[in-house]
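1. Model the structure of this input:
(4 chains)
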Protein chains: 4
Amino acid sequence: MPVTVKAHIAYRFCQPTDFLLQMEAAPIPEQILTGPGLATSDSAHFARVPGQDDIGHRIWLRVNGDFTADYTITADVQRTLADIATLEALEPHQLPGETVPYLFDSRFCPADRFHSFVDAEFPDLKGGARIVAIHDWVASNFTYEPGSSIATTTALDSFVERRGVCRDYAHVVVTMARASAIPARYVSCYAPGVDPQDFHAVAEVFLADPSGEPGTGNWHIIDATKMADPAKTVKIGVGRDAAEVSFLTSYGMAEMLDKQIEVTTA
Amino acid sequence: MPVTVKAHIAYRFCQPTDFLLQMEAAPIPEQILTGPGLATSDSAHFARVPGQDDIGHRIWLRVNGDFTADYTITADVQRTLADIATLEALEPHQLPGETVPYLFDSRFCPADRFHSFVDAEFPDLKGGARIVAIHDWVASNFTYEPGSSIATTTALDSFVERRGVCRDYAHVVVTMARASAIPARYVSCYAPGVDPQDFHAVAEVFLADPSGEPGTGNWHIIDATKMADPAKTVKIGVGRDAAEVSFLTSYGMAEMLDKQIEVTTA
Amino acid sequence: MPVTVKAHIAYRFCQPTDFLLQMEAAPIPEQILTGPGLATSDSAHFARVPGQDDIGHRIWLRVNGDFTADYTITADVQRTLADIATLEALEPHQLPGETVPYLFDSRFCPADRFHSFVDAEFPDLKGGARIVAIHDWVASNFTYEPGSSIATTTALDSFVERRGVCRDYAHVVVTMARASAIPARYVSCYAPGVDPQDFHAVAEVFLADPSGEPGTGNWHIIDATKMADPAKTVKIGVGRDAAEVSFLTSYGMAEMLDKQIEVTTA
Amino acid sequence: MPVTVKAHIAYRFCQPTDFLLQMEAAPIPEQILTGPGLATSDSAHFARVPGQDDIGHRIWLRVNGDFTADYTITADVQRTLADIATLEALEPHQLPGETVPYLFDSRFCPADRFHSFVDAEFPDLKGGARIVAIHDWVASNFTYEPGSSIATTTALDSFVERRGVCRDYAHVVVTMARASAIPARYVSCYAPGVDPQDFHAVAEVFLADPSGEPGTGNWHIIDATKMADPAKTVKIGVGRDAAEVSFLTSYGMAEMLDKQIEVTTA
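-> Numbers count the residues shown, from 1 in each chain, chains lettered A, B, ... in the order given. The predicted structure is shown next:
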């Protein structure tokens, strides 16, 4: 499924400022990228470093004054989709080492606070069935409300207030999955259908491979906002939560002047 | 400096339970390990997976009933120590990719909340000088008080209450370092001089190599409790904070029956 | 309904210490008190001051060394009970001035965080019907678990963790009532049936008088733990939340040596 | 010292909405009021109820559509000022009953979290001397930054972030005073010199009367923003914290259209 992404951002830095930019789609097998890619205005420094789990890149930049970045790509998404409800979870002791960090609590996903909730709310559900139930619970109990969360809002805050934006939906799903001993990470992405059009975020959970071979599993996209179709979602990067995959993290004052995201299917 | 570690833990699991064990010293160049190593009672499953940043290992176990682990090792610590106050920080844009995650907020280290504090308290200090000032500030303002923190205590809680144990001291140092744009991680370790003897935790910060070669740097141990001597500290593992390097993380009820740690120098 | 209360507490103070004691039943019309009342060991200072809303008393004491208080009373409870589900709420603008403070947020009852929850969970219910729904929601979603909360646990914490003791149940009910614009306060009390026997706490909400006369209303006991029968509950004092009606608040170190509560009906 | 207050607010309510208004200066002996007072646009309901501690009034209103309130008053402030540093604190057991609630934790003033801080930071200071030290500590460590706090910001948040507006300065002073066993309350007020001109808030602490007569004391204004002169401060109302003395609390959506405050001395 070819998906075309056009993204434009403009920022102003009033003094020489270092920042991380992470807005390029990740060059991973499940999405074949073609097109011009990233073009930025001049910068004193520009260096890519690997993203989390070697998925995509972060770019270190140093800029003084106005900065623009334009990103245009077409992604042929060839992601294998599964019927999540039918998948089993791996027993914790079977989990591959690289998934273990995604069991732990992170800045916005305090899973330690949610053990009693998930046990009480989803007592008889395991693995993919529990993930589907978590998705449905969030989708039906939350209201998508732009502006309702701030940079420090955690999954616990969102859970209480029952509202948020894509970041918050993803945090709550990630938190409840981890509280269920299922590895879960946060994925920044582009997706058609996101309304209003913007950078998007979804959760990803690690469930057993249907082959049943011990210790094998796969990551699956879960979007409780229901806005992103996993078959058309273009991943940028992953992390424990939003703290690790912002599209722009500035080490100094930064003023956003413009942001235009357009994601379409042919 | 040879350091001998003898550690013994005993747990009871009332049903088959998966858990992660991370109590072995990491086999890394800065500490040469000799001795019998780890011996555990029987388990239905035992598999090592790599620790964070490929430093040391975590072990997946599955046990029903009583479990004991005995760990005996001698570590020849050959760590290069530096005069931290003289080291510079790398500019953020020079930081290697593998240190970038240690700039971000984590479960117990909400650095985003501490920007104004570090700017106001340490306005003219940078790099190693700031790290020394952070160390001294924590050391002089905090009281070491066993039992004063709980599993969910964050650096923000500790900062307000001005007390804690090694975990909390490390969290506050890590948090203030990250708020200063200096990568900082949490290190679980063994160290002689820890009183009472127990697993220990320190902070580690990433500062520029004195060679001044661009983009090169090194991790340095910081212990604001002043109990651990970096020349005699035996690292177990690293992580963003305590959420990632517990010595034991259980996916089910676990009752601790015994814990004996003895760390000595010849 | 005569209810007999026997309460005994013993504390140790290692230096001269001021503390507030609030363990006497309130001498209010709805409960006629007979019996010996309070007997304490020697104290350097003993003075009653009025409790919140002039309901009952707090006692200032100053003690050095061991302290015991024995309290024995029989209360003839003549409280008018109502079918809460049938009562209406007063419109906010009709609320008497003395009930207004019980609309506001307090230490453990951050009602400001629960507006969206109560609107979403109880959309079509008002007044007493909403209160009954809140009671039922807490009663069915919470687990009574001694030791599961600490002195700083808020209603928000309890709401997330879905467990607590009487204090926490009362806080959550109070919080959701206030978020519904219904005045709600915290009541410390004695009640038969509390298991294990201890000081107890319930919520109280202010609803319109069935007479329908404008601006008139009454307070009604709500106990989502279902342990206390309002017809047999002996009130000690009221407050915005547990911060205001502890049975003992010490301004210095205090060691509890003993606490025995026995509440029976003839 | 005559102080003239002119206040104008305009709100829009899109449906019939109940709200509390508390913007009139309190008619208390320490400030003699003359002038036209309050004039509001039409409302379906208008009723004064006593403010906290019978200081001033709250007004219940019910309005549909646009609402304006204009308040003009001249206050002859005859407050007795004291040299706070010389005043003693009452021992807790000597505190009058009506001051006891102001020892307790409230929504934005979690004094229970600050005991170790005040003990460590102000170890040898008591009574008025400690209050002055708290004032100086906040004044010198905080930055006044409009827009830096939100409606749910607590004294703990402000303490960590070292910044805020008048509300936050008052909360931190109140919290540290209570943690020092000194009753402290929050006062909404008008004061010349507030920049930018707006409703203002200060702390008030209860210290012993210089006569030394047991159990007697007085409330004293403390403003760590240094903007308000106690001799020219016109009190509106008091409460445990900002949760209890907002100038407008709406039970429904409210849109602020205008707010103009002008406070001058002749």
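2. Nearest to chain D: which residue in the stretch 1-150 of chain A?
-> Across the stretch 1-150 of chain A, the shortest distance to chain D (Cβ to the nearest Cβ) belongs to residue A:150, at 7.6 Å. (C-beta placed from N, C-alpha, C; glycine too.)
3. Surely that residue is in a strand?
-> No: read with DSSP: H, G, I helix; E, B strand; the rest coil, residue A:150 is coil and lies in no strand.
4. any idea how far it lies from residue A:167?
-> Distance of residue A:150 to residue A:167, given as Cβ to Cβ, to the nearest Å: 11 Å.
5. more neighbours, these two?
-> Counted by other Cβ atoms under 10 Å in any protein chain shown, residue A:150 and residue A:167 do not tie: residue A:167 has more neighbours, with 24 against 8.
6. Provide the backbone phi and psi angles at that one.
-> The phi/psi pair for residue A:167 (degrees, to the nearest 10) reads phi -50, psi -40.
7. now swap in residue A:261 and tell me
-> Dihedral pair for residue A:261: phi -120, psi 130, per degrees, to the nearest 10.
8. what number of residues lie near the residue lying closest to residue A:218 once chain neighbours are set aside?
-> Among residues not flanking residue A:218 along the chain, residue A:209 sits closest, at 5.8 Å (Cβ to Cβ, 6 or more residues apart in numbering or on different chains). Residues lying near residue A:209 (other Cβ under 10 Å) number 15.
9. What residues does residue A:209 make contact with?
-> Counting by Cβ atoms under 8 Å, 6 or more residues apart in numbering or on different chains, residue A:209 touches A:216, A:217, A:218.
10. Likewise for residue A:52?
-> A:237, A:238, A:239, A:240, A:244, A:245, B:101.
11. If we ignore the residues flanking it in sequence, what's nearest the residue of the stretch 1-150 of chain A closest to chain D?
-> Spatially, and ignoring its direct neighbours in sequence, residue A:150 is nearest to residue D:150 (7.6 Å; Cβ to Cβ, 6+ apart).
12. Chain B contacts on chain A?
-> A:18-20, A:45, A:47, A:49-50, A:52, A:58, A:60-62, A:91-98, A:100-101, A:103-107, A:109-110, A:112-113, A:151-152, A:181, A:239-240, A:243-244, A:249, A:251 (Cβ under 8 Å from any Cβ of the partner chain).
13. Now, the residues you listed that are in strands?
-> A:18-20, A:45, A:47, A:49-50, A:58, A:60-62, A:239, A:249, A:251 (DSSP state E).
14. these two touch, right, residue A:188 and residue A:249?
-> No: if you go by Cβ atoms under 8 Å, residue A:188 and residue A:249 don't touch, sitting 11.8 Å apart.
15. And for residue A:132, the neighbour number?
-> Residues near residue A:132, counting by other Cβ under 10 Å, number 18.
16. before we move on, what about residue A:170?
-> Neighbour number of residue A:170 under other Cβ under 10 Å is 33.
17. show me where the stretch 51-200 of chain A has strands.
-> Ranges of strands within the stretch 51-200 of chain A are A:57-77, A:143-144, A:163-164, A:184-190, A:200-208, based on DSSP state E, counting those that start in this stretch.
18. winner for burial among those strands?
-> strand A:184-190 (a mean of 28; mean count of other Cβ atoms under 10 Å in any protein chain shown).
19. taking the mean pLDDT, what do you get for it?
-> Average pLDDT, strand A:184-190: 98.
20. Kindly report the same for stretch A:165-179.
-> For stretch A:165-179, the per-residue pLDDT averages 98.
21. same thing with stretch A:137-144?
-> On average, stretch A:137-144 scores 97.
22. Please save the CA atoms from that stretch in PDB.
-> Extracted in PDB, the C-alpha atoms of stretch A:137-144 (Å, rounded to 0.1, in the frame of the first residue of the first chain):
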ATOM      1  CA  TRP A 137     -11.500  -0.200  26.600                       C
ATOM      2  CA  VAL A 138      -9.500   2.900  25.800                       C
ATOM      3  CA  ALA A 139     -11.300   3.500  22.500                       C
ATOM      4  CA  SER A 140     -14.700   3.400  24.200                       C
ATOM      5  CA  ASN A 141     -13.800   5.300  27.400                       C
ATOM      6  CA  PHE A 142     -11.600   8.000  26.000                       C
ATOM      7  CA  THR A 143     -12.500  11.200  24.200                       C
ATOM      8  CA  TYR A 144     -10.000  12.500  21.600                       C
END
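23. do that stretch and chain D meet?
-> No: judged by Cβ under 8 Å from any Cβ, stretch A:137-144 stays clear of chain D, getting no closer than 15.3 Å.
24. Would you mind naming what in chain A lies close to chain D?
-> Residues of chain A that fall close to chain D, judged by Cβ under 8 Å from any Cβ: residue A:150.
25. Tell me how chain A divides into domains.
-> Here the domain parsing of chain A from automatic domain parsing is A:2-77+A:245-265, A:84-244.
26. pLDDT weak spots in the stretch 151-266 of chain A?
-> Regions of the stretch 151-266 of chain A meeting the criterion pLDDT under 70 are absent.
27. Now do the helices in it.
-> Under the criterion DSSP state H, counting those that start in this stretch, the stretch 151-266 of chain A carries helices at the ranges A:155-161, A:166-179.
28. do you know which of the strands of the stretch 51-200 of chain A lies nearest chain C?
-> For chain C, the closest of the strands of the stretch 51-200 of chain A is strand A:163-164, at 5.6 Å, according to Cβ to the nearest Cβ.
29. for that closest one, packing partners?
-> With contacts defined as 3 or more Cβ pairs under 8 Å, 6 or more residues apart in numbering or on different chains; DSSP states H and E, strand A:163-164 has these neighbours: strand A:143-144.
30. Parallel or antiparallel, list what pairs with the strand it packs on.
-> Strand pairing for strand A:143-144, using DSSP bridges, gives strand A:163-164 (parallel).
31. just checking, residue A:225 touches residue A:166?
-> Yes: counting by Cβ under 8 Å, residue A:166 is a contact partner of residue A:225 at 5.4 Å.
32. Restrict stretch A:59-74 to CA atoms and write it as CSV.
-> Presented in CSV, the C-alpha positions along stretch A:59-74 are these (Å, rounded to 0.1, in the frame of the first residue of the first chain):
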residue,chain,number,x,y,z
ILE,A,59,19.5,13.8,13.5
TRP,A,60,21.6,16.2,15.6
LEU,A,61,21.5,19.7,14.2
ARG,A,62,22.8,23.0,15.3
VAL,A,63,21.1,26.1,14.1
ASN,A,64,21.0,29.8,14.7
GLY,A,65,18.0,31.7,13.3
ASP,A,66,15.3,30.3,11.1
PHE,A,67,15.2,26.6,10.2
THR,A,68,12.9,24.7,7.9
ALA,A,69,12.7,21.0,7.1
ASP,A,70,10.8,19.5,4.2
TYR,A,71,10.3,15.8,4.0
THR,A,72,8.7,14.0,1.1
ILE,A,73,8.6,10.3,0.7
THR,A,74,6.5,7.5,-0.7
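33. could the helices of the stretch 151-266 of chain A go into JSON lines alongside distance to chain C?
-> Converted to JSON lines, those look like this (distance: least, Cβ to the nearest Cβ, whole Å):
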{"stretch": "helix A:155-161", "distance to chain C": "5"}
{"stretch": "helix A:166-179", "distance to chain C": "10"}
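34. Dump those helices into JSON lines; add distance to residue B:196 as well.
-> JSON lines is the format used below for these (distance: least, Cβ to Cβ, whole Å):
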{"stretch": "helix A:155-161", "distance to residue B:196": "33"}
{"stretch": "helix A:166-179", "distance to residue B:196": "32"}
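35. Can you tell me which of the ones you listed is packed in deepest?
-> Using mean count of other Cβ under 10 Å, helix A:166-179 ranks as the most buried of those, with a mean of 28.
36. and that one with strand A:184-190, angle?
-> On the basis of axes from the mean of the first three to the mean of the last three Cα atoms, to 10 degrees, helix A:166-179 is oriented at 160 degrees to strand A:184-190.
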